[in-house]
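[1] what follows is a predicted structure for the sequence shown.
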Amino acid sequence: VVLLHAGVPYLRHPMPGLVWPVRDGASGIVDAIFWGIEVMIMPLFLVIAGFLMWKSASRLSPGKLIRSRAKRLLIPLGFGILVVLPIDLYFWTMGLVADGLVEPIKLKSLKFDPPISDQIWGLSHLWFLLYVFLYIVVAATLLRLASVDRLRRVIGFVAQPLVTVVVLTSIAVATLVIAPQVVWGFQHAFLPVPSKWIYSGVFFAAGCGLALQDGELKWVSHMTPRMMVLAAVLLVASVILGTWSLGQSVSGPHPNTAATFLLAVLTVSAASTTTIGLIGVSVRYVRRVPIPVRYVASASFWIYLIHHPLLGLIHFDLKMLW
């Protein structure tokens with residue numbers, strides 16, 4: 001995620017709807033890395049979140065599960081809203097003033113005209129915390145209601161591996177066809193955006209399904225070599241078609257329905273195979289985690305919370321100084 005955000009000012013195909021403090025020289029390499037990460041990084045995190053939530057659900061009652069995740073997710077979210085986002089907003093405004101996009105008075109008023117006003121107010125990078133907590137509330141509610149015979153039969157049918165894959169894939173593809181900006185753009189708001197909430201929820205549900213069907217990750221580990229080859233091909237194809245579509249929407253007519261559908265299929269397929277492949281690689285090949293990696297991993301939540309304004313300030317400094 002830090003690498004993803006580090007590349008924003010240098011994109012050849014800027015992300016629609018994403019405001020950043022500065023724009024600088026474009027790089028094709030940075031562009032490819034950025035969009036490759038964008039396709040798969042949040043699906044990976046959401047599958048892991050769903051997988052671990054399901055593991056916790058086997059030990060905790062639905063009520064205790066919600067309370068434990070509220071403490072773990074909503075308290076950091078509150079800190080981020082009260083501390084990190086105001087700093088974010090000021091750095092962003094400072095950069096927009098320096099680039100001549102807004103008047104210096106905005107540093108005092110913080111009132112912006114569209115489209116900046118539509119793209120600067122929201123949870124920014126903290127949206128993940130709110131979304132995951134809401135998914136946990138939904139999952140815990142379903143688990144509590146699962147004692148009802150009819151609901152139990154429905155859940156039992158949907159939980160079959162093939163049915164789960166078909167249903168979740170269809171929902172994800174349909175969502176991207178309707179709203180490609182879920183991945184190939186940025187949707188900014190304080191409350192969940194329906195299309196983004198549905199698409200992200202698909203991968204959270206996939207993580208729950210993975211925990212249910214392959215809790216020890218034996219199948220995932222077995223499939224790793226061929227999955228990574230397939231993931232690489234699909235990831236490259238989706239980035240090529242996605243950046244082409246972004247270029248078309250800026251310089252010419254919007255891509256047709258066939259291209260939009262193909263992009264949705266490639267994006268969902270690339271995200272799914274890359275997620276399964278990377279989890280499989282870690283399970284299959286990582287026998288011992290080095291101490292420096294464990295140290296950074298222990299700090300990763302804190303890094304996630306505070307990196308955004310720091311990166312924005314560094315980008316601003318680099319442009320001003322160099």
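    Done, it's in. Residues are numbered from 1 along each chain as shown.
[2] quick check: what element follows the helix or strand harbouring W35 along the chain?
    Assigned by DSSP states H and E, W35 belongs to helix 28-57. Sequence-wise, the next helix or strand downstream of helix 28-57 (DSSP H and E) is helix 62-69.
[3] my read is that K55 contacts L212, right?
    No: here K55 lies out of contact with L212, judged by Cβ atoms under 8 Å, at a distance of 10.2 Å. Every residue, glycine included, has its C-beta placed from N, CA and C.
[4] which of the residues in the helix holding W35 are buried?
    30-51, 53-54, 57 (16 or more other Cβ atoms under 10 Å).
[5] cool, and stretch 84-102?
    Within stretch 84-102, the residues that count as buried by 16+ other Cβ under 10 Å are V84, L85, D88, F91, W92, T93, M94, G95, L96, V97, V102.
[6] now render these as TSV, adding secondary structure.
    Shown next, in TSV, are these (DSSP: H, G, I helix; E, B strand; the rest coil):
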residue	secondary structure
V84	helix
L85	helix
D88	helix
F91	helix
W92	helix
T93	helix
M94	helix
G95	helix
L96	helix
V97	helix
V102	coil
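[7] what's the closest of those residues to L318?
    Closest approach between the buried residues of stretch 84-102 and L318, by Cβ to Cβ: G95, at 11.3 Å.
[8] I figured that closest one hits V22, correct?
    Yes: G95 is within contact range of V22, at 5.0 Å (criterion: Cβ under 8 Å).
[9] what's the closest non-adjacent residue to R69?
    Excluding its sequence neighbours, the residue lying closest to R69 (Cβ to Cβ, 6 or more residues apart in numbering) is I136, at 4.8 Å.
[10] nope, L126 is what I was after
    Closest to L126 by Cβ to Cβ, 6+ apart is G80, at 4.5 Å.
[11] pretty sure the one you found contacts F128?
    No: shown here, G80 and F128 do not form a contact pair, counting by Cβ under 8 Å, at 10.5 Å.
[12] center of the protein, which residue is that?
    M42 (2.8 Å; Cα atoms, centre = their mean).
[13] next, count neighbours for the closest residue to that one other than its chain neighbours.
    Spatial nearest neighbour of M42, excluding adjacent residues (Cβ to Cβ, 6+ apart): S200 at 6.5 Å. For S200, the count of nearby residues is 26 (other Cβ atoms under 10 Å).
[14] how far does the host helix or strand of S200 sit from its chain's centre?
    Assigned by DSSP H and E, S200 falls within helix 194-213. Mean-position distance between helix 194-213 and its chain equals 12 Å (Cα atoms, centre = their mean, to the nearest Å).
[15] again with stretch 233-248
    Worked out by Cα atoms, centre = their mean, stretch 233-248 lies 18 Å from the chain centre.
[16] ok, residues contacting that stretch?
    12-13, 16, 31-32, 35-36, 39-40, 180, 183-184, 254-255, 259-260, 262-263, 266-267, 269-270, 273-274 (Cβ atoms under 8 Å, 6 or more residues apart in numbering).
[17] per-residue pLDDT of V154, please?
    At V154, the predicted lDDT confidence score is 63.
[18] ok, back up a step: wait, doesn't the residue nearest to the centre of the chain sit right on F203?
    Yes: in terms of Cβ under 8 Å, M42 counts as a neighbour of F203; the distance is 7.5 Å.
[19] helix, strand, or coil at F190?
    F190 - assigned by three-state DSSP - is coil.
[20] in contact with it, which residues?
    By Cβ under 8 Å, 6+ apart, the neighbours of F190 are W121, G122, L123.
[21] can I have the buried ones of those residues as a ChimeraX selection?
    Buried residues within the contacts of F190, by 16+ other Cβ under 10 Å, are selected in ChimeraX with:
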select :122,123
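[22] of the contacts of F190, closest to P309?
    Looking across the contacts of F190 and measuring by Cβ to Cβ, the closest to P309 is L123, at 13.8 Å.
[23] how close does that closest one get to D88?
    Separation of L123 from D88 (Cβ to Cβ, to the nearest Å) stands at 10 Å.
[24] and what of L278?
    Between L278 and D88 the computed distance is 29 Å (Cβ to Cβ).
[25] I figured L44 was touching G277, is that so?
    No: the criterion here is Cβ under 8 Å, and L44 misses it with G277 at 9.8 Å.
[26] tell me where the stretch 201-322 of the chain has helices.
    With DSSP state H, counting those that start in this stretch as the criterion, the stretch 201-322 of the chain has helices at 218-251, 257-285, 291-298, 300-321.
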